[in-house]
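**Q** just a sequence and a predicted model for now, questions to come.
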Amino acid sequence: MLGKISNVVLVLVYYSILTSSYSNGYPLSTQNRWIIDESTKQRSKLVCGNWAGHLEPMLPEGLNKKPLKDLVSQLVNQRFNCVRLTYAIYMWTRYENNVVEDTLRDLRIHKEVVKGISKSNPSLLKMTHIQVFDTLVKELGDQNVMVLLDNHVSKAKWCCNDDDGNGFFYDKYFDPLEWMQGLSLVGKHYAGNSVVVAMSLRNELHGPRQNKGDWYHYMSEGAKTIHKANPQVLVVVSGLNYDTEFHFLKRKPLKLNIGKKLVYETHLYSWSGVGILNLKETWTMQPLNKICANSLEALDNQVGFLRSGSDAAPIIFSEFGFDESGSNEEDNNFLTCLQTYLVGNDLDWGLWAFQGSYYLRDDKAQVDENFGLMDSSWTHLRYPNFNEKFQLLIRKIQDPTSKVSNNESILYYPLSGQCVKVNGRNELEVSSCETKDRWIHDGDGGNINLVKTNKCLTSNGEGFPVTLSNDCKSKNSSWMFVSRSKLHLATTNIQSDGEYLCLQKDSNSPTILTSKCICIEDDDDSTCLNNPQSQWFQLVPTNNNVQPSTQAMFYSQPKMRDRNIKTSSYASKLCKSQSLVRKFGQTVGLIVFFFTLLF
Ligand SMILES: *[C@@H]1O[C@H](CO)[C@@H](O)[C@H](O)[C@H]1NC(C)=O
Ligand SMILES: *[C@@H]1O[C@H](CO)[C@@H](O)[C@H](O)[C@H]1NC(C)=O
């Protein structure tokens, strides 16, 4: 009898392990600067696409182009695990009963748009706006995508101008009471819905009415309102000046009584100055090393400090973007520099934007989004190299639960988004970031060793491939940071005293050479405008020592909300096979369980 009972217990334990080892990533909470899945205590890295639903039609974009299910699959295929879904407060406080079809008619929306929706998503036309949002949230959840609900504006329209009436408390359309009423309605509506993991207070506060007094007051009131309506969600707080400015929190931290739910968000584009510094430099008119170094320093000073110290909290870089045609040089330069910040600090982030087009924007119908991940047909990527460029950003580079020391680094090449590995000829080259090669830099001027070997990077002179060598005492194996951006790694050129030779990717092969350094004099009177980005290499600390190309290396465990996902993405294939394993396990468990009871 005792044997039988212990069998039953064993089977039950086995069964519960099988069913509980997959979490759906809900609810999330914070642990210092990290966002954590409360059920597994593992880090959850938010990799979000912004999906606009806050413009006049109050309808998430793209529903005229493709069935909703296919739109969401596009995101999943690019390995996003989160959507920052934007909405207008008035949708909840004034138009909660309005039907989509009527709104579109009143807006005199172009016939083609309505035709498109009735073809791709016919059932949505007769719904209220809120019902469409619910349908979208459901579909995102079914495909394992988390939702950060973002209050973008009060009155539905494009954001932002200084005088748009939506910028700050008491602006024409920004009544604080109606705003709180709206936040409360949204919070309650999605309370207990495991897809909605976070809610923001308000996107990009801006305009002439901005002041710190109101900021502290209403951020506290708004956070309390959300937390009361929906205690499970993360509460996302945005800064002043288009969400670029938090420096005032150094003197007076924001004290909120909302448990482990406070997260900050910040935004940056090539044209924004960082915070009050308003760097009037542009990304093509100034030495690039200098503007990148200045911007990253300013970012740390305005925002980055929030992730350390006794009040440390996570930062979601919830908006940045670039002209995805790839033809805007300023955006390209900006993006490569910002990548080093996102990767170096392993921040959670949100790309502006997922949408390839708008139904209606600033009174124009069927407008293209140049910053869109999708093209105007929502079929292809606008930027064909997206996957290569963003491959390291989507990964969990730091794992707060890891016991591995943090002194190993990935050697990153942000211009292409690739990582450095040693090839069969013992030379260095850029390749996929799935490479297992990790490096340890012995400090400025020291060796760069390949982990678990006695070998180090060595320069073989100007124009020659960099190789892995046993001669680590030589000057050719001693590497220092020679520009303020810290993105140039150089050895001294023995042949011409005082000069440096910098790592550089060869222009027509993956090989890495050493070559004369480009524009490393980034002091104030430098006028060197050559593009140094072929020489930007970054040592990115990592302690996530899991074998690459297993799911643990990615942003989070694939979640198991939907067992019938139809996407081709790697994560969901994995998800599918795991859920098969789980189902099999459950079935076996149950059969064994009943047999144990019988005999
Ligand atoms: C890296 O960290 C490990 C563990 O803390 C330590 O044993 C090792 O000496 C460190 N290596 C270097 C080069 O600092
Ligand atoms: C070391 O680097 C110099 C250039 O700085 C080069 O001329 C020389 O050949 C290199 N030595 C070796 C052993 O590769």
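**A** Structure received. Ligands and ions are numbered 1, 2, ... in the order given.
**Q** enumerate the residues of the stretch 401-550 of the chain near ligand 1.
**A** Residues of the stretch 401-550 of the chain lying close to ligand 1 by CB under 6 Å from any ligand atom are 405, 407, 440. C-beta: built from backbone N, CA, C; applies to glycine.
**Q** residue of the stretch 451-599 of the chain nearest ligand 2, please.
**A** Minimum separation of the stretch 451-599 of the chain from ligand 2 (CB to the nearest ligand atom) falls at residue 461, amounting to 3.3 Å.
**Q** ok so, going back, most neighbours out of the residues of the stretch 401-550 of the chain next to ligand 1, which is it?
**A** Among those, the one with the most neighbours (other CB atoms under 10 Å) is residue 440, at 17 neighbours.
**Q** just to be sure, it is in a helix?
**A** No - read with DSSP: H, G, I helix; E, B strand; the rest coil, residue 440 is strand and lies in no helix.
**Q** now stretch 49-61: mean pLDDT?
**A** If you average the pLDDT over stretch 49-61, you get 98.
**Q** send the alpha carbons of it over as PDB?
**A** Coordinates of each C-alpha in stretch 49-61 appear next as PDB, following Å, rounded to 0.1, in the frame of the first residue of the first chain:
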ATOM      1  CA  GLY A  49       7.200  46.600 -32.200                       C
ATOM      2  CA  ASN A  50       5.100  49.800 -31.900                       C
ATOM      3  CA  TRP A  51       1.700  49.200 -33.500                       C
ATOM      4  CA  ALA A  52      -0.300  52.400 -33.800                       C
ATOM      5  CA  GLY A  53      -4.000  52.500 -32.900                       C
ATOM      6  CA  HIS A  54      -4.200  56.100 -31.700                       C
ATOM      7  CA  LEU A  55      -4.900  58.000 -34.900                       C
ATOM      8  CA  GLU A  56      -8.300  59.400 -35.800                       C
ATOM      9  CA  PRO A  57      -9.800  56.100 -36.900                       C
ATOM     10  CA  MET A  58      -8.900  54.600 -33.400                       C
ATOM     11  CA  LEU A  59      -8.100  51.400 -35.200                       C
ATOM     12  CA  PRO A  60      -4.800  49.500 -35.200                       C
ATOM     13  CA  GLU A  61      -3.200  50.000 -38.600                       C
END
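**Q** leaving out chain neighbours, which residue sits closest to residue 256?
**A** Once flanking residues are discounted, residue 256 sits nearest to residue 223: 5.0 Å by CB to CB, 6 or more residues apart in numbering.
**Q** ok, now residue 539?
**A** Spatial nearest neighbour of residue 539, chain neighbours left out: residue 409 (4.0 Å); criterion: CB to CB, 6+ apart.
**Q** contact partners for the nearest residue to residue 124 once chain neighbours are set aside?
**A** In space, not counting the residues next to it along the chain, residue 124 is nearest to residue 132; the distance is 5.2 Å by CB to CB, 6+ apart. Shown in contact with residue 132 (CB atoms under 8 Å, 6 or more residues apart in numbering): 59, 60, 63, 100, 124.
**Q** biggest separation within the residues you listed, which pair?
**A** Based on CB to CB, the longest span within those runs between 60 and 100 and measures 10.9 Å.
**Q** element containing the residue most central in space within the chain, please.
**A** By CA atoms, centre = their mean, the chain has its centre lying nearest to residue 349, at 2.2 Å. Secondary structure assignment for residue 349, by DSSP states H and E: strand 348-351.
**Q** that strand - contacts with which helices or strands?
**A** strand 47-51, strand 315-319 (3 or more CB pairs under 8 Å, 6 or more residues apart in numbering; DSSP states H and E).
**Q** how many residues are close by residue 525?
**A** Other residues near residue 525 come to 5 when the count uses other CB under 10 Å.
**Q** now the phi/psi pair for it, please.
**A** With angles defined as degrees, to the nearest 10, residue 525 sits at phi -100, psi 10.
**Q** any idea how far it is from residue 305?
**A** 30 Å (CB to CB, to the nearest Å).
**Q** buried ones in stretch 220-238?
**A** Residues of stretch 220-238 classed as buried by neighbour count (16 or more other CB atoms under 10 Å): 220-227, 229-230, 232-238.
**Q** quick check, the residue nearest to residue 256 in contact with residue 238.
**A** No - Residue 223 is beyond contact range of residue 238, at 11.5 Å (criterion: CB atoms under 8 Å).
**Q** what is in contact with these two at once?
**A** When CB under 8 Å, 6+ apart defines a contact, the residues bordering residue 223 and residue 238 alike are residue 201.
**Q** out of the contacts of residue 132, who's the most crowded?
**A** With neighbours taken as other CB under 10 Å, the top of the contacts of residue 132 is residue 59, carrying 30 neighbours.
**Q** where does pLDDT dip in the stretch 1-150 of the chain?
**A** 1-24 (pLDDT under 70).
**Q** how about the residues of it by ligand 2?
**A** Checking the stretch 1-150 of the chain against ligand 2 by CB under 6 Å from any ligand atom, there are no hits.
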